[in-house]
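Undergrad: need the 3D shape of this:
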Amino acid sequence: FGGSANDFGVDLMLTENSYYLAGNSSSIDGDVLMNYGGSDYWMLNINDEFNIVWSKNYGGSDDESFKAFIQHPNDSIYLAGGTKSSDIDVNENKGEKDVWIIKTDVSGNLLWGNSFGGSKIDEAKGICISENFNVFIGATTKSDDGDITKSYGLNDYWIMEIDNSGKLLWQKSFGGSRDDILKNVLATDDGYLLSGSSFSFDGDITDNKGLTDAWFVKVHHDGLMNWQVSYGGSGSDNSIAIIEGVNSSYLCANQSDSFDFDVDENFGETDIWMLELCESFLTRDVVNLCKGDSILWEGSYYKESGLYEEIFKSKCDLDSIKHLILDVRTKPVLGQIVGPDLVTEFSNTSYGVEEGQEWDYYWTVENGQFKDSVFDSFVTINWLFPGPGMITAHIIENDLCSSDTSFLEVYVSGVGVEEEVNNDFSIYPNPSNN
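TA: So this is what the prediction gives:
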């Protein structure tokens, strides 16, 4: 299928009685009915005899790059990739290249299109349906502004969730100081698996074996990282595609020119390199707890300091261990506020509390104002008007939720003025003229 220019099929989707084929097209003849400019998203519906039922182009006057699509249970289709355009089907462009998501009906009619990204190059690489029937998107970003709130380096993994009207719900970035290129996403029963390549050795990457490694990141449904792992050798290795295998494992298709570490052999230059991954867990949860409180962990309550262990089988039947390190601490006691409780209006009065080695302080006052910092163990207050006042000291232990509060009720009196009365008087001149 195609025309006289460059046309590429990228992704294929099978429905009950037909196929959807999507890719990029620069043609304006043959099977391609129109072209908006440069390279467009191009989607075809093909029957079981491989005849075209319809074909549609989507894009603007510049280049669009299609990467993946998915059919939603509500009988709509979402296409993902990137765009450099800002016209025709593309209603906004935020930088050099944006993530561009479009929604169509099952007949290919465009319902809406939205751009996401920052001032640099951002492109979607994978798309899937989330657990709550929103849309999850995996992308690579080079931006550090716009919709991207955190940048680790040159290129990062970037994930987001949008609702069915195209509204951005949340987004997160992962990576290190160098190039981290996401290639694919897979929806799992407990989150999403991201795959691609990493050239970094810092940030979220803990083990770099060579130039680039195949880098896998597992996230929960809300985007928080569950785990990450790198595989490869001393050369260049990157993950291209992932699917779910039998017994809850993951099958990963990769490229490799390495011959060491995780790569057993190399047949020459770049090889296809297959991996099967299975999740096992050796986790460590470190929790600080206030004495008298308890924590629910793996179905049981714990309230005493110690190391607790739970052994279980992972989804693919590997032995796994979870550790809980619980540190129970005594709640700090602040003690009394030192200072006078009878003052006069407009006076400056100092107050203090005992100092703790790991305490943060905060003061509040009624009928007065602070003359200095409210975050020290001592403060000076300028009392304002006659009547009752109140000063309160709060402490929070730095590495714990424990806190304590002390109050001191104060009475502010008015400024007293003594009047001297002199009854002696004289008239001059005497006798007076008037």
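
Undergrad: which parts of the stretch 251-400 of the chain are strands?
TA: 271-277, 282-290, 295-297, 300-302, 306-313, 319-329, 342-344, 348-352, 359-366, 368-370, 378-383, 387-397 (DSSP state E, counting those that start in this stretch).

Undergrad: what comes into contact with the third one?
TA: This means strand 295-297. Strand 295-297 is contacted by residues 285, 287, 289, 301, 302, 303, 308, 310, 324, 326 when judged by Cβ atoms under 8 Å, 6 or more residues apart in numbering. All C-beta atoms are positioned from the backbone trio N, CA, C, and that covers glycine.

Undergrad: 6 Å instead?
TA: 287, 289, 302, 324 (Cβ atoms under 6 Å, 6 or more residues apart in numbering).

Undergrad: nearest to residue 80, out of the strands of the stretch 251-400 of the chain?
TA: Of all the strands of the stretch 251-400 of the chain, strand 271-277 sits nearest to residue 80, with 24.2 Å by Cβ to Cβ.

Undergrad: what packs against that closest one?
TA: Counting contacts by 3 or more Cβ pairs under 6 Å, 6 or more residues apart in numbering; DSSP states H and E, strand 271-277 packs against strand 250-256.

Undergrad: show me where pLDDT drops low in this structure?
TA: Scanning the chain for pLDDT under 70 picks out 398-401, 416-434.

Undergrad: any idea which residue is closest to the centre of it?
TA: residue 172 (3.2 Å; Cα atoms, centre = their mean).

Undergrad: which ones are touching that one?
TA: So residue 172 contacts 159, 223 (Cβ under 6 Å, 6+ apart).

Undergrad: report the separation between it and residue 218.
TA: For residue 172, the distance to residue 218 equals 13 Å [Cβ to Cβ, to the nearest Å].

Undergrad: got the phi/psi numbers for residue 246?
TA: The phi/psi pair for residue 246 (degrees, to the nearest 10) reads phi -80, psi 160.

Undergrad: then residue 247?
TA: phi 60, psi 30.

Undergrad: surely it touches residue 316?
TA: Yes - with contact defined as Cβ atoms under 6 Å, residue 247 and residue 316 form a contacting pair (5.0 Å).

Undergrad: of these two, give the one with the bigger neighbour count.
TA: Shown here are residue 247 and residue 316; by other Cβ atoms under 10 Å, residue 316 has more neighbours (16 against 10).

Undergrad: name the nearest residue to that one, ignoring sequence neighbours.
TA: Spatial nearest neighbour of residue 316, excluding adjacent residues (Cβ to Cβ, 6 or more residues apart in numbering): residue 278 at 4.0 Å.

Undergrad: list the contacts for that neighbour?
TA: By Cβ under 6 Å, 6+ apart, residue 278 lies in contact with 249, 316, 318.

Undergrad: put together JSON lines for those, with distance to residue 243 on each row.
TA: JSON lines is the format used below for the contacts of residue 278 (distance: Cβ to Cβ, whole Å):
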{"residue": "249", "distance to residue 243": "10"}
{"residue": "316", "distance to residue 243": "14"}
{"residue": "318", "distance to residue 243": "19"}
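
Undergrad: closest one to residue 183 out of those residues, please.
TA: residue 249 (19.1 Å).

Undergrad: quick check: that closest one vs residue 276, distance?
TA: To residue 276, residue 249 is 5 Å away according to Cβ to Cβ.

Undergrad: rebuild the strands of the stretch 251-400 of the chain as CSV, extending it with distance to residue 264 and mean neighbour count.
TA: Listed next are the strands of the stretch 251-400 of the chain as CSV, based on distance: least, Cβ to Cβ, whole Å; neighbours: other Cβ atoms under 10 Å:
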stretch, distance to residue 264, mean neighbour count
strand 271-277, 9, 16
strand 282-290, 25, 13
strand 295-297, 40, 13
strand 300-302, 43, 12
strand 306-313, 28, 11
strand 319-329, 24, 15
strand 342-344, 81, 14
strand 348-352, 69, 16
strand 359-366, 54, 16
strand 368-370, 69, 16
strand 378-383, 67, 19
strand 387-397, 52, 18
